[in-house]
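Asker: quick one, what's the 3D model for this:
(chains A, B, C and D)
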There are 2 protein chains.
Amino acid sequence: MLTDRQLLILQVIIDDFIRSAQPVGSRSLSKKNEIQFSSATVRNEMSDLEEMGFIEKTHTSSGRVPSEKGYRFYVDHLLSPQALQQQDISQIHSIFAERIFEMENIVQRSAKILSELTNYTSIVLGPNQQENRVKQIQVVPLSEGTAIAIIVTDTGHVESRRFSFPKDLKAEDIEQMVRLLNDRLAGTPLMELHDRLYKEMAILLKRHIANYDLMLQAFAEIMNVPVHDKLFFGGKMNMMNQPEFSDIEKLRLLMDMIEREDNLYNLIRPAEGIGIQVKIGKENENAAMENCSLITATFPIASGQKGSLAILGPTRMEYSRVISLLNMLSGDLSKALSNLYGKSQER
Amino acid sequence: MLTDRQLLILQVIIDDFIRSAQPVGSRSLSKKNEIQFSSATVRNEMSDLEEMGFIEKTHTSSGRVPSEKGYRFYVDHLLSPQALQQQDISQIHSIFAERIFEMENIVQRSAKILSELTNYTSIVLGPNQQENRVKQIQVVPLSEGTAIAIIVTDTGHVESRRFSFPKDLKAEDIEQMVRLLNDRLAGTPLMELHDRLYKEMAILLKRHIANYDLMLQAFAEIMNVPVHDKLFFGGKMNMMNQPEFSDIEKLRLLMDMIEREDNLYNLIRPAEGIGIQVKIGKENENAAMENCSLITATFPIASGQKGSLAILGPTRMEYSRVISLLNMLSGDLSKALSNLYGKSQER
DNA sequence: GTTAGCACTCTGTTAACACGAGTGCTAAAT
DNA sequence: ATTTAGCACTCGTGTTAACAGAGTGCTAAC
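Answerer: Next up is the predicted model:
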């Protein structure tokens, strides 16, 4: 395997490159305090490291640059968990300083702060709304033939949908419908709503309500709550500041990919458990992200759901710092959201 | 003033530059079909046009480029209203193809289509929610001490806010409060809500409700609906495709400005009446937009409110086409939203 | 009033060249 | 057996000069 000296040199190369974005050469390395050997020695070691695939040359006589394998090794074995600056900590706490009652708010602020602290792009995925349960359904008539349907979930999320109905539906029909819906559907997860409406409710409605088919039709599309959750972004433009994207073509590729959120969704939400996950370069299996790394933190929320935080940066990313930040923030978010959701799930 | 020939030449210069983004020279002009004179003649005319400030040179021996004054003249006097392509028309109609019941939806789609048709950035501002009137106020308790307050407006807009209240408030207190609020505040414009709550309601509440101060406090912040409306964007990144923003520094400046929405808000919402307004380059009074033009279409909505559509592009913009598109879409939007809002404002 | 012709200017591209940073290898030093 | 000094070689960068191409302005001829 690698000797201690090789480990040291690899670490210093990567640290230096992360800072400077410049290929690092043997001479500049040998001048560093950590490195006590001559440049020639360093050269020999670098040659070995290159042979093993941890570092690369950009051209025959250039300094070395970490390869993806190098970053992977660095992340897996060389990362010294770095203590956060006091400043960072207080910034993160500022997210929770005000009493906040909306999930969206807290999540949006987290994304913002995270991107400001790192100068990368942050992506936050709140808990899955699909698993929320119906607390109450209401209908507010607006004018003849139109009304607003409102679904409140146990987590305090409110969905509203405008709909129209045939004029021959009477106000009392609708009221009765709403009563029935509330009786039967309270506690149903949003994702099952549409199905249950058709399967269970249809029979029931037929018995109780005139014009049940018209009614059903009117409500059917309302109950179709969006398939997946909103992603919240911070610092979408931060990648412009990274030298690897000074080429506008690469930038465009990346931005286009970010805009097509559905792609991202799958990248952010990792099937596997809790904790930090690092995807480096091509590990992301997306051409636009081959110069990027994505660090994802998945955290539990009391109700059994999960939330995710992610940072998208260049492969040349401050892994240590970002991981520390994500660790801390995901812990705090876990607590805060659990609190928010837990409370409201008492019945 | 300008001779016919000068008008012609100015027009051709600008049209050509808008297409090519390249300075246009006398020789290439004289080769065009519209131009029957020799390059020398054209040179003389161009020299005059330059003296009058309509065109500029980028360096001593370059072709000419339209100045802001040139664009202004072009927009005011030379624009031939261009017939829209059938394709454009059907794209726009596709926005309204589905039956749509939410303002947000329709507005978001408009922004998207508009940016796709033009390759510029589109900004849409829906009708002002602040003037909407309260239709119904509801409170749904979530758990001990927290509840969701929901305000439905006559336009079908739903605002919800989570809030907490002291435990010694009883359920019936809250119910009574909601009844009172509905009795007294129905029909109040959102913008007056907060004030009226404090001024009129306070007295009333004092008489009817125990713990009225706690109650008031809980409701006060809920009634603070956001100051101004959401802007909807389409094609935020489209400016990357414009050669004037191949310099990443300029791009960043512009993007930063777009991200700070509050600035934009004032630019989009023109105090003056209805119709199309064109702001060219420095007329926008914003350093980041000195290479941009902003075309705004303000249109009426039945209820007496106004909506705005805007296109942000480089000064070298396809004015004619954009104006035609905006004219058409703003007409359609005006109808569609009036319809949506008009209906629901019958009492 | 129009145009042909010409000198002049600026840009962009290419080739040549020197310089600096870096490497690989060999031989000497430890 | 390691480590290091030295040297030849390679590549990228920056500078300079030369040159073609596109355009202008001016003058003189039409």
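
Asker: need the contact list for whichever residue of chain A sits closest to DNA strand C.
Answerer: Relative to DNA strand C, the nearest point of chain A is A:Gly25 (2.5 Å; Cβ to the nearest atom of the strand). To be clear about C-beta, it is placed using only N, CA and C from the backbone, and glycine gets the same treatment. In this structure, A:Gly25 makes contact with A:Ser62, A:Gly63, A:Arg64, judged by Cβ atoms under 8 Å, 6 or more residues apart in numbering or on different chains.

Asker: report the separation between it and DNA strand D.
Answerer: A:Gly25 sits 11 Å away from DNA strand D, going by Cβ to the nearest atom of the strand, to the nearest Å.

Asker: DNA strand D contacts on chain A?
Answerer: Counting by Cβ under 7 Å from any atom of the strand, the residues of chain A close to DNA strand D are A:Phe37, A:Ser38, A:Ala40, A:Thr41, A:Asn44, A:Thr58, A:His59, A:Thr60, A:Ser61, A:Ser62.

Asker: low-scoring stretches of the stretch 101-250 of chain A, by residue?
Answerer: In the predicted model, the stretch 101-250 of chain A carries pLDDT under 70 at residues A:101, A:209-210, A:214, A:218, A:225-228.

Asker: report pLDDT for the residue of chain A closest to DNA strand C.
Answerer: Model confidence at A:Gly25, given as pLDDT, is 96.

Asker: cool, and A:Gly342?
Answerer: On the pLDDT scale, A:Gly342 gets 66.

Asker: check the one 3 residues further on too.
Answerer: At A:Gln345, the predicted lDDT confidence score is 45.

Asker: which parts of stretch A:188-206 are buried?
Answerer: By neighbour count with 16 or more other Cβ atoms under 10 Å in any protein chain shown, stretch A:188-206 contains the buried residues A:Thr188, A:Pro189, A:Leu190, A:Glu192, A:Leu193, A:His194, A:Arg196, A:Leu197, A:Met201, A:Leu205.

Asker: in strands, which of the residues you listed appear?
Answerer: Per DSSP state E, strands hold no members of the buried residues of stretch A:188-206.

Asker: among the residues you listed, which are in reach of DNA strand C?
Answerer: Counting by Cβ under 7 Å from any atom of the strand, no member of those is near DNA strand C.

Asker: and those, which is closest to B:Phe165?
Answerer: Distance to B:Phe165 across those (Cβ to Cβ) is lowest for A:Leu190, with 26.3 Å.

Asker: give me the distance between that closest one and B:Gln11.
Answerer: The gap separating A:Leu190 from B:Gln11 is 58 Å, by Cβ to Cβ, to the nearest Å.

Asker: kindly report the same for A:Lys69.
Answerer: Using Cβ to Cβ, one gets 60 Å for the distance from A:Lys69 to B:Gln11.

Asker: related to what we said a few turns ago, redo the residues of chain A next to DNA strand D as TSV? Include neighbour count.
Answerer: What follows is the residues of chain A next to DNA strand D, written out as TSV (neighbours: other Cβ atoms under 10 Å in any protein chain shown):
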residue	neighbour count
A:Phe37	16
A:Ser38	12
A:Ala40	11
A:Thr41	15
A:Asn44	13
A:Thr58	10
A:His59	6
A:Thr60	5
A:Ser61	7
A:Ser62	13
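
Asker: identify the farthest-apart pair in those.
Answerer: Of all pairs in those, the most separated under Cβ to Cβ is A:Phe37 and A:His59 at 24.8 Å.

Asker: can you name the residues bridging to the closest residue to A:Glu131 other than its chain neighbours?
Answerer: Closest residue to A:Glu131 apart from its sequence neighbours, by Cβ to Cβ, 6 or more residues apart in numbering or on different chains: A:Pro189 at 5.3 Å. Beta bridges link A:Pro189 to A:Arg133 when assigned by DSSP bridges.

Asker: wasn't A:Val107 part of a helix?
Answerer: Yes - going by DSSP: H, G, I helix; E, B strand; the rest coil, the assignment for A:Val107 places it inside a helix.

Asker: isn't it right next to A:Leu231, touching?
Answerer: No - assessed by Cβ atoms under 8 Å, A:Val107 is found out of contact with A:Leu231, at 9.7 Å.

Asker: neighbour count for the two, which is higher?
Answerer: A direct count of neighbours by other Cβ atoms under 10 Å in any protein chain shown for A:Val107 and A:Leu231 places A:Val107 higher, at 25 against 20.

Asker: contacting residues for the closest residue to the more buried one other than its chain neighbours?
Answerer: Closest residue to A:Val107 apart from its sequence neighbours, by Cβ to Cβ, 6+ apart: A:Gly126 at 4.6 Å. Applying Cβ under 8 Å, 6+ apart to A:Gly126 gives the contacts A:Met103, A:Glu104, A:Val107, A:Asp229, A:Lys230, A:Phe232, A:Gly307, A:Leu337.

Asker: would you turn those residues into TSV with secondary structure?
Answerer: Shown next, in TSV, are the contacts of A:Gly126 (three-state DSSP):
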residue	secondary structure
A:Met103	helix
A:Glu104	helix
A:Val107	helix
A:Asp229	coil
A:Lys230	coil
A:Phe232	strand
A:Gly307	strand
A:Leu337	helix
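
Asker: filter those down to the buried ones and express that as a ChimeraX selection.
Answerer: Burial among the contacts of A:Gly126 is assessed by 16+ other Cβ under 10 Å; the matching ChimeraX selection reads:
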select /A:103,107,229,232,307,337
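
Asker: which of the helices or strands spans A:Leu169?
Answerer: A:Leu169 belongs to no helix or strand when assigned by DSSP states H and E.

Asker: that one and A:Leu216, how far apart?
Answerer: Distance from A:Leu169 to A:Leu216, by Cβ to Cβ: 11 Å.
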